[in-house]
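Chemist: below is the structure, and that's it, no one-letter string:
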């Protein structure tokens with residue numbers, strides 16, 4: 001599907017330090033299954049209630065990289081939006097996420113690097129109870145301005 005300029009997210013020159021956006025999704029068991037299948041990360045902590053019950057977590061937890069992927073989804077859906085590329089992502093898990101959690105990713109532009117066409121974005125993920133699940137930072141390249149499909153050589157055609 002071809003993207004038009006209007007369907008893309010905000011360009012670097014449309015961003016300001018301090019811009020914020022939130023993105024919320026329900027973490028479902030199917031998300032964990034899909035993550036495990038794609039990644040090959042088959043840790044029994046993710047779905048095996050008997051195994052997880054014998055650990056300090058007491059019940060299954062969501063994969064950290066799945067939660068981090070949710071943040072990447074927030075970048076492509078909310079700030080800067082569609083067409084953005086994540087160049088670097090560092091994060092720290094503070095408490096586990098679990099199936100059934102309503103996760104909200106809060107994004108905030110911390111810095112703009114105009115020469116590199118990059119935005120530094122802070123991230124924080126919380127659950128429905130306000131517990132902070134993840135904190136991190138991303139370096140993101142906002143979507144470029146697209147060149148026209150037809151250029152000047154067709155002006156008089």
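Modeler: Received, thanks. Bear in mind that the values here come from a model prediction, so they are computed numbers and not experimental data.

Chemist: okay, now the unreliable bits of this protein?
Modeler: 1-6, 149-157 (pLDDT under 70).

Chemist: how far does the biggest strand by length in it sit from its chain's centre?
Modeler: In terms of residue count, the longest strand belonging to the chain (DSSP state E) is strand 102-113. The chain centre lies 9 Å from the centre of strand 102-113; the measure is C-alpha atoms, centre = their mean, to the nearest Å.

Chemist: same question, stretch 12-20
Modeler: Its chain's average C-alpha position is 17 Å from that of stretch 12-20, according to C-alpha atoms, centre = their mean.

Chemist: buried ones in that stretch, by neighbour count?
Modeler: Under the neighbour-count criterion of 16 or more other C-beta atoms under 10 Å, stretch 12-20 has 12, 15, 19 buried. Any C-beta I mention is one placed from the backbone N, CA and C, and that applies to glycine too.

Chemist: where does residue 136 sit: helix, strand or coil?
Modeler: Look at residue 136: counting by DSSP: H, G, I helix; E, B strand; the rest coil, its state is strand.

Chemist: mind checking how far the residue nearest to it when sequence neighbours are not counted is from residue 59?
Modeler: What sits nearest to residue 136 in space, not counting adjacent residues and going by C-beta to C-beta, 6 or more residues apart in numbering, is residue 91, at 2.9 Å. Going from residue 91 to residue 59 by C-beta to C-beta, to the nearest Å gives 23 Å.

Chemist: tell me which of the two has more neighbours.
Modeler: residue 91 (19 against 12; other C-beta atoms under 10 Å).
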